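Asks: fold the following for me, if possible:
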Amino acid sequence: MAKRPQDMSLDELAQEMNKREDSLDHLTAKAEITRRQTAAQLDATRATVRNARYMLASVIVAAIAAVASAASAYFAYLSSIPKVP
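Replies: Residues are numbered from 1 along each chain as shown. Got it, this is the predicted structure:
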């Protein structure tokens, strides 16, 4: 009994693609490869969105740290100025 296209490895699908272009095996293998490519692209898109969210969060944290550092430097400067009576 032949395997279902979903259960075939890429090598097996490539062998099916070597059959005549108008054969059912060729068309089925081509459709399965396209389905796998689409699934991989969707996974990559989800990963990219997740990565973008982490990147945005890290930029916000870095901006808060920069503001805190600037405030600390300002107060250090103010404390170094001699008080005139």
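
Asks: name the single longest helix found in this protein.
Replies: The helix that spans the most residues within the chain, counting by DSSP state H, is helix 24-80.

Asks: helices or strands next to that helix in the packing?
Replies: Contacts of helix 24-80 with other secondary structure elements, assessed using 3 or more Cβ pairs under 8 Å, 6 or more residues apart in numbering; DSSP states H and E, are made with helix 10-17. Using the backbone N, CA and C atoms, a C-beta is placed for each residue, glycine as well.

Asks: in the helix it packs on, which residues are buried?
Replies: 13, 16-17 (16 or more other Cβ atoms under 10 Å).

Asks: Lys83: which of the residues you listed is nearest?
Replies: Leu13 (80.8 Å; Cβ to Cβ).

Asks: circling back to that earlier point, can you lay out the buried residues of helix 10-17 as TSV showing pLDDT?
Replies: Shown next, in TSV, are these (pLDDT from 0 to 100):
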residue	pLDDT
Leu13	85
Glu16	85
Met17	83
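
Asks: what angle do helix 10-17 and the longest helix of the chain make with each other?
Replies: The directions of helix 24-80 and helix 10-17 differ by 140 degrees, with axes from the mean of the first three to the mean of the last three Cα atoms, to 10 degrees as the criterion.

Asks: tell me the mean pLDDT over helix 24-80?
Replies: With pLDDT averaged residue by residue, helix 24-80 scores 94.

Asks: how about the closest residue to Pro5 other than its chain neighbours, what does it touch?
Replies: Taking Cβ to Cβ, 6 or more residues apart in numbering, and ignoring the residues beside it in sequence, Pro5 has Glu32 as its nearest neighbour in space, at 3.8 Å. With contacts defined as Cβ atoms under 8 Å, 6 or more residues apart in numbering, Glu32 is in contact with 5-6, 8, 13.

Asks: do that again at 7 Å, thanks
Replies: By Cβ atoms under 7 Å, 6 or more residues apart in numbering, the contact set of Glu32 is 5-6, 13.

Asks: can I get the CA coordinates of stretch 45-58 in PDB?
Replies: This file holds the C-alpha atoms of stretch 45-58, laid out as PDB (Å, rounded to 0.1, in the frame of the first residue of the first chain):
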ATOM      1  CA  THR A  45       5.800  34.600  10.400                       C
ATOM      2  CA  ARG A  46       4.700  33.700  13.900                       C
ATOM      3  CA  ALA A  47       8.300  33.500  15.100                       C
ATOM      4  CA  THR A  48       9.000  36.900  13.500                       C
ATOM      5  CA  VAL A  49       6.100  38.500  15.200                       C
ATOM      6  CA  ARG A  50       7.100  37.000  18.500                       C
ATOM      7  CA  ASN A  51      10.700  38.200  18.000                       C
ATOM      8  CA  ALA A  52       9.400  41.700  17.100                       C
ATOM      9  CA  ARG A  53       7.500  41.900  20.400                       C
ATOM     10  CA  TYR A  54      10.500  40.900  22.400                       C
ATOM     11  CA  MET A  55      12.600  43.500  20.500                       C
ATOM     12  CA  LEU A  56      10.000  46.200  21.300                       C
ATOM     13  CA  ALA A  57      10.000  45.300  25.000                       C
ATOM     14  CA  SER A  58      13.800  45.300  25.100                       C
END
